[in-house]
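**Student:** structure here, sequence nowhere to be found:
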């Protein structure tokens, strides 16, 4: 797309300027080497996301459009700062060559190296903070870094989650969904089956993990299931590793020295789960290979747990859900309303909800909430970026 091509050229131009300034001995003497290296790394990383943006189909989401617009603004700011920096480098070279050295300089003048360094550092830090926020947001929007000449499947990091709910993890606009899931999981008609599977599906940042945590912590779930197990699967769907993580939660003392000892894993798991009804949450699953899933289920059936044991799978992929789900209805998470995104931002700013919010702040906040695309994590990131800018000023 033309817009992304222009942005790519801008990124390349900025990288060229950064490399040119980094080569200047004078600029290194001012102590900008580390700041310029960060700026170079940030733009090189962001540039790879633009390849994926260009690959997006026509009519892409408003969230991605907003991301591109914000990147354009940051790129323009970066180029202005680098031009200002280059001008000062050139000016100082002429000054040194002409042996113009004033004994007294106004400390707050740009002629003062320390004042100029502080001012430039402030501006570059602000740009780096913006780029860091955009990079985090790109992952939430399912953008993946790609090389220009090839477009392989982007590598995802093996993130880790747990069942504990953090202070900033709130379930907004999902109360009815939580209630419906809990009702289904504890419904008597499903207790005659063993190891039925429910899939929670939605794009990154919609709150699938937070929703699963909310269900996991419900009192009715505590009472209904004798054992609860949380396993973050992420990118690597390793059956033995999943079994090992299950045993680590149930009885750490029995964990074998190697995950490859499946015989020992199943023996100890059977001791903990035989004739017991349990709930297993498999969070952040990416595997769409039915053979791997069948292998896991075959192992779990060997544990002779009580009927009514159930599995929750959270995933971004409908294909993954189709491979794994069994009998229980799928839950496709929708996006939040503007008011719900604004509530998340308010809660992040004022967790106790008791502080008075100025009208001006509410107006700005609601405008930002409109551009969150209904994604809870984007709302948090947008607020953090705004807060970062305010702290830098």
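**Tutor:** Cool, got the structure. Since the structure is predicted, the reported quantities are computational estimates derived from the model, not experimental observations.

**Student:** which stretches in the stretch 101-250 of the chain count as helices?
**Tutor:** Secondary structure of the stretch 101-250 of the chain by DSSP state H, counting those that start in this stretch: the helices cover 113-140, 175-185, 208-216, 219-224, 239-250.

**Student:** mean pLDDT lowest where, among these?
**Tutor:** Across those, helix 113-140 has the smallest mean pLDDT, namely a mean of 76.

**Student:** ok now that one, how far from the chain's centre?
**Tutor:** Centroid separation between helix 113-140 and its chain, computed with CA atoms, centre = their mean, to the nearest Å, is 20 Å.

**Student:** list the buried ones in stretch 222-231?
**Tutor:** Within stretch 222-231, the residues that count as buried by 16 or more other CB atoms under 10 Å are 224-225, 227-231. The C-beta positions use only the backbone N, C-alpha and C, and glycine is treated the same way.

**Student:** hang on, the earlier thing: and the helices of the stretch 101-250 of the chain, which is most packed in?
**Tutor:** helix 208-216 (a mean of 22; mean count of other CB atoms under 10 Å).

**Student:** now do it and helix 175-185, the angle between them.
**Tutor:** Angle between the axes of helix 208-216 and helix 175-185 is 60 degrees (criterion: axes from the mean of the first three to the mean of the last three CA atoms, to 10 degrees).

**Student:** so how far is helix 208-216 off the chain centroid?
**Tutor:** Centroid separation for helix 208-216 versus its chain: 16 Å, with CA atoms, centre = their mean.

**Student:** try stretch 319-326
**Tutor:** 23 Å.

**Student:** repeat that for stretch 200-207.
**Tutor:** A distance of 11 Å separates the centroid of the chain from that of stretch 200-207, by CA atoms, centre = their mean.

**Student:** residues in contact with that stretch?
**Tutor:** Counting by CB atoms under 8 Å, 6 or more residues apart in numbering, stretch 200-207 makes contact with 139-142, 171-172, 174, 181, 208, 211-212, 312-318, 321, 330-335, 375-378, all of which sit outside it.

**Student:** for stretch 313-322, same thing?
**Tutor:** Residues external to stretch 313-322 that are found in contact with it (CB under 8 Å, 6+ apart): 142, 197-204, 208-209, 211-212, 281-288, 324-325, 330.

**Student:** now, of those, which are buried?
**Tutor:** Members of these classed as buried by 16+ other CB under 10 Å are 142, 197-204, 208-209, 211-212, 281-285, 287-288, 324-325.

**Student:** which ones among the residues you listed lie within strands?
**Tutor:** 197-201, 281-285 (DSSP state E).

**Student:** any chance of those residues in a markdown table, plus distance to residue 362 and pLDDT?
**Tutor:** A markdown table is the format used below for these (distance: CB to CB, whole Å; pLDDT from 0 to 100):
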| residue | distance to residue 362 | pLDDT |
| --- | --- | --- |
| 197 | 43 | 96 |
| 198 | 38 | 97 |
| 199 | 38 | 97 |
| 200 | 32 | 97 |
| 201 | 34 | 95 |
| 281 | 37 | 98 |
| 282 | 40 | 98 |
| 283 | 35 | 96 |
| 284 | 34 | 93 |
| 285 | 39 | 95 |
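
**Student:** mind putting those into a markdown table with distance to residue 64?
**Tutor:** Shown next, in a markdown table, are these (distance: CB to CB, whole Å):
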| residue | distance to residue 64 |
| --- | --- |
| 197 | 32 |
| 198 | 30 |
| 199 | 25 |
| 200 | 23 |
| 201 | 20 |
| 281 | 30 |
| 282 | 29 |
| 283 | 25 |
| 284 | 22 |
| 285 | 24 |
